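Student: Have a look; sequence and predicted model below, questions after that.
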Amino acid sequence: MGVPDNACVSEPLPAALDRIRALVLDDERLVRAVAAGRRRGESPRWRRTELRYVDLRNGRHLQVTTYDDTQAHTHNVPLGPGVLDAVDDALRAPYGNWHVDTISETVQLRVTKKGAAQVHAQAKARSEPAPARSHDRAKARVLDPAAPFLTAVGISDPDGVVKPSRRDKYHQVEEFLRLLGPALDDALTAGRLAPPTPERPLRVVDLGCGNAYLTFAAYAYLAGVRKLPTTLTGVDVKAPARERNTRVAKELGWDDAVSFVEGDIASAPVEGGADVVLALHACDTATDDALARAVRWQAALILAAPCCHHDLQRQLAGRPTPSPYGLLTRHGILRERLADMLTDALRAAVLRLVGYRVDVMEFVDSDHTPRNLLVRGVRTGAAASPEVVRDYHELTAGWGVSPALARLLEPDLAEVLRS
């Protein structure tokens, strides 16, 4: 099956899957294959499957990693008939998207509502070296501590060593970027985000960027590590932050692609909208402002790490607790933690209601920061299920709360909540 480079073509699904099969079975050239999403009216057993080859003491194996809602399950299959069976099992599963990286090309397959395949193939500018095949390789750093931008933002010293006082910040940003890569792949395979090109680069907006640790790190990763044409805009309400960050971008030679805007999260001018929205520790309902703006932009990917959650805490304190949950709010610390959990659960529900697939996860150990929750949303455009609508109504009515995100997106939610 021939697909013109950098073109998207429609073809019968069996033929397209045959090409994916051939790419995955090439143990010399495959870097990684990812299957995710689901076809219309079907659900695969696993939320996501990843395939790559590893070299063990007794020879090369296909490593198959499957993900459910809470954890990953990995097993290694030695080269031979077992590999054929494992690959065919993955291809038979009703995944809606495949993303395959080889040393020379990237191929993306999306299954349409009518059961055909939309295939996009893009050759790499130059063939990559053979991928690492080590099974127990040390966890590689995403960011080189000696990267100039880390010194510029004060995380590393002039010798390229992370400052003791900034180790938690460095670790936090590293772990955020470890999640950004797979999340971006999910957004690409979901079919709502076209592969970036110099003519249409990936548009990333960091809402509430502050000192722009994450802004600069995200650009270094996307443009430097992933080699993706990228523009990135940081938004912060403080003029000194805009001035400082603009100066740093210019010193790094990144000011043609990285810019900063002064203004609040909800209304600061951002030309062209966003494909990816980042919001790291925007305080209280500022996180809701960031999520709402991302939804209005129809951003393909949202990554938000919430901070404090005062809005629902105030609402819970002002009304009786529904029976039989009085013990959960009798003590202030328990009421506070309940409000935190309720806030983020309702944020995730609202995003699902407006067409996002959502995961809520820990993105960094609590030893490094107690603010370690990440809300990840990938836009699918799928209609909310009746179960999500019902559960949302019951949860908000039962506790007598009105989530800030729902208030901000009231026009978007009105029709779906009437269904």
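Tutor: Nice, thanks for sending it over. Numbering: from 1, shown residues only.
Student: Please identify the helix or strand for the residue nearest in space to the middle of the chain.
Tutor: The chain has residue 183 as the residue nearest its centroid, 3.1 Å off, counting by C-alpha atoms, centre = their mean. Take DSSP states H and E as the rule and residue 183 turns out to sit in helix 167-189.
Student: ditto for residue 240
Tutor: According to DSSP H and E, residue 240 maps onto helix 239-252.
Student: contact partners of that helix?
Tutor: 148-149, 152-153, 209-212, 215-216, 234, 236, 255, 258-262 (C-beta atoms under 8 Å, 6 or more residues apart in numbering). (Glycine included, C-beta is placed from N, CA and C.)
Student: show me where this structure has helices.
Tutor: Along the chain, counting by DSSP state H, helices occupy 13-25, 81-92, 148-152, 167-189, 213-219, 239-252, 286-297, 310-317, 326-329, 332-353, 386-399, 404-408, 410-418.
Student: Those helices: which one's closest to residue 54?
Tutor: Nearest to residue 54, of all these, is helix 81-92, at 12.1 Å by C-beta to C-beta.
Student: for that closest one, packing partners?
Tutor: Under the contact definition 3 or more C-beta pairs under 8 Å, 6 or more residues apart in numbering; DSSP states H and E, helix 81-92 sits against helix 13-25, strand 48-56, strand 59-67.
Student: could these be laid out in a markdown table, adding mean neighbour count, mean pLDDT and distance to residue 114?
Tutor: Formatted as a markdown table, the helices and strands packed on helix 81-92 follow (neighbours: other C-beta atoms under 10 Å; pLDDT from 0 to 100; distance: least, C-beta to C-beta, whole Å):
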| stretch | mean neighbour count | mean pLDDT | distance to residue 114 |
| --- | --- | --- | --- |
| helix 13-25 | 17 | 94 | 10 |
| strand 48-56 | 19 | 90 | 24 |
| strand 59-67 | 18 | 90 | 28 |
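Student: Dump the helix holding residue 240 to PDB, keeping only the CA atoms.
Tutor: Only the C-alpha atoms of helix 239-252 are listed here, as PDB (Å, rounded to 0.1, in the frame of the first residue of the first chain):
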ATOM      1  CA  ALA A 239       3.800  43.000  33.700                       C
ATOM      2  CA  PRO A 240       7.200  42.200  35.300                       C
ATOM      3  CA  ALA A 241       6.800  38.500  34.400                       C
ATOM      4  CA  ARG A 242       6.100  39.400  30.800                       C
ATOM      5  CA  GLU A 243       9.100  41.700  30.600                       C
ATOM      6  CA  ARG A 244      11.400  39.200  32.200                       C
ATOM      7  CA  ASN A 245      10.300  36.200  30.200                       C
ATOM      8  CA  THR A 246      10.400  38.200  26.900                       C
ATOM      9  CA  ARG A 247      14.000  39.200  27.700                       C
ATOM     10  CA  VAL A 248      14.900  35.600  28.400                       C
ATOM     11  CA  ALA A 249      13.300  34.400  25.200                       C
ATOM     12  CA  LYS A 250      15.300  37.000  23.300                       C
ATOM     13  CA  GLU A 251      18.600  36.000  25.000                       C
ATOM     14  CA  LEU A 252      18.000  32.400  24.100                       C
END
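Student: and that helix, what's its mean pLDDT?
Tutor: Across helix 239-252, pLDDT averages out at 94.
Student: quick one: that helix to chain centroid distance?
Tutor: Centroid displacement of helix 239-252 relative to its chain, using C-alpha atoms, centre = their mean, to the nearest Å, is 26 Å.
Student: quick one: buried residues of that helix?
Tutor: 241, 242, 244, 245, 246, 248, 249, 252 (16 or more other C-beta atoms under 10 Å).
Student: Hmm, residue 25 and residue 79 touching each other?
Tutor: No: Residue 79 lies out of contact with residue 25 (C-beta atoms under 8 Å); the separation is 9.8 Å.
Student: quick one, what contacts the residue nearest to the centre of the chain?
Tutor: By C-beta under 8 Å, 6+ apart, the contact list for residue 183 reads 301, 303, 376, 378.
Student: Got the confidence number for the nearest residue to the third one once chain neighbours are set aside?
Tutor: Read that as residue 376. What sits nearest to residue 376 in space, not counting adjacent residues and going by C-beta to C-beta, 6 or more residues apart in numbering, is residue 359, at 4.7 Å. Note on residue 359: pLDDT of 88.
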